[in-house]
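Novice: The following comprises the amino acid sequence and a computationally predicted model.
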Amino acid sequence: MENRGITFGYGFLSQESSFDVQFSLIEYDGSHSYFRAYLVGLLNTILVSVIGIVFATIIGVIVGIARLSSNYLIERTAAIYVEFFRNIPLLLQIFFWYFAALRALPLPEKAEPMFGVFFLTIKGFFVPAFVWNNLDVFIYSLIAAIISIVFVRLYAKKKQENQGIQTPVLSISIALLIILPLLSFFLGGVDASVEIPVIEQLSKTSFTYKGGLKLPPELISLALALSLYTATFIAECVRAGVQGVSKGQKEAAASIGLTPNQVLKLVVMPQALRIIIPPTTNQYLNLTKNSSLAAAIAYPDLVLVFAGTALMQTGRAIEIVSITMLTYLTLSITISIFMNWYNKKIAIKEK
Amino acid sequence: MNKLNFLSPDKNNLYAYLYSGISLFFLSILIVFLNSFFSLDLTSFLPGTISYFLPLIIGFIGLHLIRIEYSGIKFLDITNKNINTNKFNALLSLLIIFAVIKSLPPLLSWFIIDANFAGDSKDACSGSGACWAYIKTWFNRFMYGMYPNAEQWRINLSFIALAFLGGVGFFATEKFKKYLTLYYVVIYPIIAFLFIFFFISGGPIFFDFSYGIIAAVISIIIGFFIPSKFKMYYFLIIPITIYILLKYIFFYEELIELGKIQAFEWVETGAWGGLSLTFIVSFFCLIFCFPVGLFLSLGRRSDLPIIKYISIGFIEFWRGVPLITVLFMSSVMFPMFLPEDMFIDKLVRVIIAISLFEAAYVAEVIRGGLQALPRGQYDAAKSLGMGYWKMHIFVILPQALKLVIPGIANTFLALVKDTPLIFVVGLLEIVGMLNLAKTNPEWLGFAMEGYVFASIVFFIICYAMSKYSYNLEQKYKTER
């Protein structure tokens, strides 16, 4: 290393970065430091991972249950979906959505509005944004709702253990989640108005939308590919989990007079979750790591912003690659520690 | 005749319900079919929204009428059981059938009817369908990358030869069956490497072969005098030692002279590409990652704390980082730690990086198999006086590996699907070549065809692999 004239040090992180990033959650431009560029990349990675995890879980659970359906057509459709999307490389899928599918969208000036407010164009997906007054009060009310739900659950559990009476926790929770934020509108002075994107002419041939929220096509194609790909694996986990609960358990539960809903909620799901959660955790981790493929389509995630642009500018390969790897390592270990804790919590407690 | 109650069809008046239901059901399908294939709208006299939902409503009523339990007609019972158990299922079945009918015409026209098959330039593709002429023109590039056209027979020949040599196992007689493992684990990879090195790369041919043959002959002659007890160790170590001695110590000068003799034109690895590169990378990574993963999994369960914690650290590190950063590391960071005059080929670096990365996953899969074995197997093996290696080779690993065939197959599939990532270091396999072809000014605008083609290729490869692993799993399944 010495004879190549390379020095080592992390001092460059506070230098001015002087490059711009297309899409950022926090305020950023060329005058900010490399460390802030790192934060921009990290936040973008987390954003796309969270979106991907949410959608992959939803699609995965639906498809996994559909594969267990008694309806031949539904079962086959789900199976074809799983086999198809699982056997095609993720990178190819990302390219497909980005370079082929989303390129077929109309130009901004020709876009047909969906429901009058959503504009799906080649430059991105324009959605209305909320403009908040007193957003903090709203967030406090949400937090208060969540805390009270935890207390209600604890109370309900205690009541069931002591008196054997079941409390409808789910409906109470939903009611709390709706009522408390609503109260904040009336009492806390929270006010939200919707800002609808409006078309604007930049030059003679160039149009864009102003106002509202812009989701860049990179983000859409990446989130789409990640969730469709990972959903197939989650679907298989769900299927394996539900099939793993022995038939005797269901029959036993039905024979002591539980309703089908209660059988599902109290007998099947707790046992199925025990099988489902460990492999699903792995899939979440994989999705987070796979989000680094963003670099291929220029979505400004950690790899592109930091291990790409910043590395090219500073030439500090060792520091930057090590920071990037450590970041991913930390993300994975955090998710796996959380999931291990959750797994331990729901595991069979043998006495 | 009983009274007809259309709300709850029953077995009385079976045929009345059956005929009316079936005719309604087929009417609904007919409407959708005519609408999508011939753009004929039978229901255009109705207002827009109603005519849009009419087939669904008619079909739903039809399915409702034929939902008769235990009708005694076999076909009807099977249909009801499979697609028509209740209202919700009937609705979903209808939606799926309609979606298939609706999506067939555009797909067919894009893939076949309006597609262009002939021609060798962009002008040939004027239709609204796919431009398969594009794939045809670029086919060589997609398969072989930038490899010179005149030399492509070398790749073909190597792959065909390797496929034949790989298929030897199927024809082996009972007598040679016991050597198959040795063949596949040691000999076959070496032959494959020689093929790739001499044929595809066009490396200097003479010295390696000649010294290899000399080393083999000498070691076989000496081998006759070695007691059979040590023969295995002997043949593992001595030929390579003699080879290295010959090559680097006794005949180093001659070697340089001889090394200049080349039978084939040298093609540097940067020019390799396309599907053949996908195969080469996957093949070598598969071969290397398995033994490394095996040793890591054994190391993780070792009693020696140093080995154990090194293995754990290694596995967790590789599992925690994305492959793309590993490739970044191999391309920008790794060369800095090498001595100045030393250079390792890009392809070799990539193969090492992917192998180590996948080895960590293989290790975890095998560990699962090792943990699943009951303690009794270990105790029984030990009580027979077996040592650590004997116990693992003859008792533990055969059982453990059999258990984890699906897991290993999944890891290998993931490996094949990860190979496109080597674009990071500038190697272009099939997906990379597609991206290159897409930006060619003479062939702009055919991204879709390229990706569909590559998807089909990868789907065939991966689906075949997964089915093969399933067969393997069934074959080695033993009742426990």
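Specialist: Done, it's in.
Novice: in what helix or strand does the residue nearest to A:Ser141 when sequence neighbours are not counted lie?
Specialist: Using C-beta to C-beta, 6 or more residues apart in numbering or on different chains and skipping the chain neighbours, the partner closest in space to A:Ser141 is A:Ser184 (3.9 Å). Heads up, the C-betas are built off the backbone N, CA and C, glycines and all. Secondary structure assigned from DSSP states H and E places A:Ser184 in helix A:169-187.
Novice: And that helix, what does it pack against?
Specialist: When contacts are defined as 3 or more C-beta pairs under 8 Å, 6 or more residues apart in numbering or on different chains; DSSP states H and E, helix A:169-187 sits against helix A:135-163.
Novice: show me what contacts the nearest residue in space to A:Thr309 that is not next to it in sequence?
Specialist: Taking C-beta to C-beta, 6+ apart as the measure, A:Thr309 lies nearest to A:Phe19, with 5.5 Å between them; neighbours along the chain are not counted. In this structure, A:Phe19 makes contact with A:30, A:37, A:309-310, A:313, judged by C-beta atoms under 8 Å, 6 or more residues apart in numbering or on different chains.
Novice: Could you rerun that using 7 Å?
Specialist: Taking C-beta atoms under 7 Å, 6 or more residues apart in numbering or on different chains as the criterion, A:Phe19 is in contact with A:30, A:309, A:313.
Novice: do B:Val321 as well
Specialist: Contact criterion C-beta under 7 Å, 6+ apart gives A:325, A:328-329 as the residues in contact with B:Val321.
Novice: Select from those every entry located in helices.
Specialist: Applying DSSP state H to the contacts of B:Val321, the entries found in helices are A:325, A:328-329.
Novice: can you narrow those to ones near chain B?
Specialist: Of the entries in the ones in helices among the contacts of B:Val321, the ones placed beside chain B under the rule of C-beta under 7 Å from any C-beta of the partner chain are A:325, A:328-329.
Novice: With neighbour count and pLDDT added, can I get those residues in CSV?
Specialist: What follows is those, written out as CSV (neighbours: other C-beta atoms under 10 Å in any protein chain shown; pLDDT from 0 to 100):
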residue, neighbour count, pLDDT
A:Met325, 20, 89
A:Tyr328, 24, 90
A:Leu329, 16, 90
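Novice: and which of those is nearest A:Ala145?
Specialist: Of all these, A:Ala145 sits closest to A:Tyr328, with 33.7 Å by C-beta to C-beta.
Novice: these two touch, right, that closest one and A:Asn290?
Specialist: No. Look at A:Tyr328 against A:Asn290 with C-beta atoms under 7 Å: they stay out of range, at 11.0 Å.
Novice: A strand includes the residue nearest to A:Thr309, no?
Specialist: No. Remark: A:Phe19 does not belong to a strand; assigned using DSSP: H, G, I helix; E, B strand; the rest coil, it is coil.
Novice: Next up, the contacts around the closest residue to chain A within the stretch 101-250 of chain B.
Specialist: The minimum distance from the stretch 101-250 of chain B to chain A, using C-beta to the nearest C-beta, falls at B:Ala130 (11.4 Å). The contact partners of B:Ala130, by C-beta under 7 Å, 6+ apart, come to B:110-111, B:115, B:449.
Novice: Give me the buried subset of these.
Specialist: B:110, B:115, B:449 (16 or more other C-beta atoms under 10 Å in any protein chain shown).
Novice: give me the subset of the residues you listed touching chain A.
Specialist: Residues of the buried ones among the contacts of B:Ala130 in contact with chain A (C-beta under 7 Å from any C-beta): none.
Novice: low-scoring pLDDT stretches of the chain, where are they?
Specialist: All of this refers to chain A. Residues of chain A that meet the criterion pLDDT under 70 lie in A:1-7, A:114-116, A:188-192, A:211-212, A:347-351.
Novice: Actually, chain B is the one I wanted.
Specialist: For chain B, the stretches with pLDDT under 70 are B:1-4, B:6, B:127, B:203-213, B:227-236, B:246-264, B:341, B:478-480.
Novice: And it, what are its domain boundaries?
Specialist: B:14-113, B:138-147+B:268-475, B:204-261 (automatic domain parsing).
Novice: Buried residues in the helix holding A:Ser184, which are they?
Specialist: In helix A:169-187, the ones that count as buried by 16+ other C-beta under 10 Å are A:172-173, A:176-177, A:180-181, A:184.
Novice: Identify the residues contacting that helix?
Specialist: A:137-138, A:141-142, A:144-145, A:148-149, A:152-153, A:156, A:190.
Novice: Which positions in whichever helix in chain B runs longest come out as buried?
Specialist: Taking DSSP H as the assignment, the helix of chain B that covers the most residues is helix B:447-475. For helix B:447-475, burial by neighbour count (16+ other C-beta under 10 Å) applies to B:447-455, B:457-459, B:461-463, B:465-466, B:469.
Novice: Stretch B:8-26 now?
Specialist: Residues of stretch B:8-26 classed as buried by neighbour count (16+ other C-beta under 10 Å): B:9, B:14, B:17-18, B:20-22, B:24-25.
Novice: What is the nearest of those to chain A?
Specialist: When the buried residues of stretch B:8-26 are ranked by distance to chain A (C-beta to the nearest C-beta), B:Phe25 comes first, at 13.9 Å.
Novice: Which two of the contacts of helix A:169-187 have the greatest separation?
Specialist: Using C-beta to C-beta, the contacts of helix A:169-187 reach their maximum pairwise distance at A:Ala156 and A:Val190, which is 29.4 Å.
Novice: more neighbours, these two?
Specialist: Comparing A:Ala156 with A:Val190 by other C-beta atoms under 10 Å in any protein chain shown, the one with more neighbours is A:Val190, at 21 against 17.
Novice: Can you name the residues of chain A that neighbour chain B?
Specialist: Proximity of chain A to chain B (C-beta under 7 Å from any C-beta) is limited to residues A:1, A:3-4, A:6, A:70-74, A:77, A:83-84, A:87-92, A:95-96, A:99-100, A:103, A:289-290, A:292-293, A:295, A:303, A:307, A:311, A:317-318, A:321, A:324-325, A:328-329, A:332-333.
Novice: Which of those residues fall in helices?
Specialist: A:72-74, A:77, A:83-84, A:90-92, A:95, A:289-290, A:311, A:317-318, A:321, A:324-325, A:328-329, A:332-333.
Novice: How much space separates the residue nearest to A:Ser141 from A:Leu135?
Specialist: Taking C-beta to C-beta, to the nearest Å as the measure, A:Ser184 and A:Leu135 are separated by 10 Å.
Novice: same check, this time on B:Gly166
Specialist: Computed as C-beta to C-beta, the B:Gly166 to A:Leu135 distance reads 64 Å.
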